[in-house]
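A.B. asks: Starting from these lines, generate the structure:
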Amino acid sequence: EVQLVESGGGLVQTGGSLRLSCAASGFTFAFDDYAIGWFRQAPGKEREGVSCITTSGGTTYVDSVKGRFTISRDNAKNTVYLQMNSLSPEDTAVYYCNTAPMPSFPWGQGTQVTVSS
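C.D. replies: Take a look at the predicted model:
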């Protein structure tokens, strides 16, 4: 059974930082050659892709987070990270991970990120 478990969210003030983690079980990032992405869903909005990393380490970011967020992966730990700096209230959302660009597995519970002004 594939499981994606997101963690690391919390409440921070504007300008603060958080590091999110996405731990996978039931499949292997590198062996199965999956690109992994971080997605987020703000209240009343559709889920959007935020960032993506390939098995070879290639990365992409949505314009709104470029220069502030950094995605990375540890294939040995089957974990993907999202370092988020200079957070703003517009980043408030539930953050999820899944394969990218199209999600292949059931969504996890996500991790809530709340940025106060």
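
A.B. asks: hmm, who's touching stretch 8-27?
C.D. replies: The list of residues contacting stretch 8-27 from outside it, by C-beta atoms under 8 Å, 6 or more residues apart in numbering, reads 1-7, 34, 36, 38, 77-89, 94-95, 97, 105, 110-117. The C-beta positions use only the backbone N, C-alpha and C, and glycine is treated the same way.

A.B. asks: how far does it stretch from start to finish?
C.D. replies: In stretch 8-27, first residue to last residue: 22 Å (C-alpha to C-alpha, to the nearest Å).

A.B. asks: what about the residue nearest in space to the middle of the chain, which SS state?
C.D. replies: Centroid-nearest residue in the chain, with C-alpha atoms, centre = their mean: residue 38, separated by 2.8 Å. Under the three-state scheme (DSSP: H, G, I helix; E, B strand; the rest coil), residue 38 adopts strand.

A.B. asks: Then residue 97?
C.D. replies: strand.

A.B. asks: so it sits right up against residue 38, yeah?
C.D. replies: Yes: between residue 97 and residue 38 there is a contact under C-beta atoms under 8 Å: 5.5 Å.

A.B. asks: Common neighbours of these two, please.
C.D. replies: 22, 80.

A.B. asks: one step back: now the contacts of stretch 8-27: which count as buried?
C.D. replies: 4, 6-7, 34, 36, 38, 78-82, 84, 87, 94-95, 97, 105, 110-111, 113, 115 (16 or more other C-beta atoms under 10 Å).

A.B. asks: Contact partners for the residue nearest to the centre of the chain?
C.D. replies: By C-beta under 8 Å, 6+ apart, the residues touching residue 38 are 20, 22, 49-52, 71, 80, 82, 95-97.
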